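Student: Can you look at this prediction? I've put the sequence above it.
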Amino acid sequence: MGLYLRILSIFYFIGFALHFADLLDWRLKFSEMDLVWKSWIVYLTVVDFAAAFFLWRLTPIGVWLLLLVAGSQLVAYTVFQDVFGPQWFLVAFHAVTVFILFLIPSLRTQVDLAKADKQTGQHRAVGTFFKMMSAYLFRGISFSEAAWTMWSTVAYVNEDTRKDYGERRFNLVALSKKGRALHITFSKRVNGEIIRIISVRRANKKERKKLQEKFPEAIIQ
């Protein structure tokens, strides 16, 4: 995922450079454009640079900016063709880019789960595809990281009995491979052979403190 985001960062930096050249009248005649086109070029210059910068740093905001740029150009070059023209190459580029962006986390998670299954002899199932992407976009945590954390030896687990969920749910606080304390809510299916990850987030201060007390030798972020 990181390599793909950095490759996209380079593409978006190239886009920024081209639009910046437009602002200087080096490529397109920016000074002769109407207000709509001028606004569009300025917008693309700013968001392309921001997307390139944050994608290179591998932050969730970079993915949000990528989706913003891709979405706005898809709309501009399909719905508003009479204004911006039919830029089919850019439409195809952004469509493929977004498709791969959503495909990689799903494939990587399945690969990691398969590796973990082979090593432990157990089976695990992640949550929905939407949950996988939202965990990364909103919290910067991949379900791949969460999946491996299920087998962390630095961990404690409690059953969630706050209300009736229609199934038994458990809250795991454990140290991930990245050294981060994660809070994972999960349930067991098929006689306990399959675990469904319901949600994942960074452990709060109280949870990290409890984990540190149980494992004083651990280095917890």
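Tutor: That came through fine. These numbers were taken from a predicted model, which means no experiment stands behind them.

Student: would you list every one of the helices in the chain?
Tutor: Using DSSP state H, the helices of the chain run over residues 2-23, 35-56, 60-76, 81-84, 88-120, 129-139, 143-149, 205-214.

Student: ranking those helices by burial, who's on top?
Tutor: Stretch with highest mean neighbour count among the helices of the chain: helix 143-149 (a mean of 24; mean count of other C-beta atoms under 10 Å). Any C-beta I mention is one placed from the backbone N, CA and C, and that applies to glycine too.

Student: ok, the residue of the chain positioned farthest from its centre to I41 distance?
Tutor: Centroid-distance maximum for the chain: E32 at 39.7 Å, with C-alpha atoms, centre = their mean. E32 sits 12 Å away from I41, going by C-beta to C-beta, to the nearest Å.

Student: again, but for I219
Tutor: Using C-beta to C-beta, I219 is found at 48 Å from I41.

Student: Next: K214.
Tutor: In this structure, K214 and I41 are 57 Å apart, going by C-beta to C-beta.

Student: Contact partners for I100?
Tutor: Y4 (C-beta atoms under 8 Å, 6 or more residues apart in numbering).

Student: what residues go with each domain of the chain?
Tutor: The chain breaks down into these domains under automatic domain parsing: 2-104, 123-214.

Student: lowest-confidence stretch among these?
Tutor: If you rank the domains of the chain by mean pLDDT, domain 123-214 sits at the bottom with a mean of 80.
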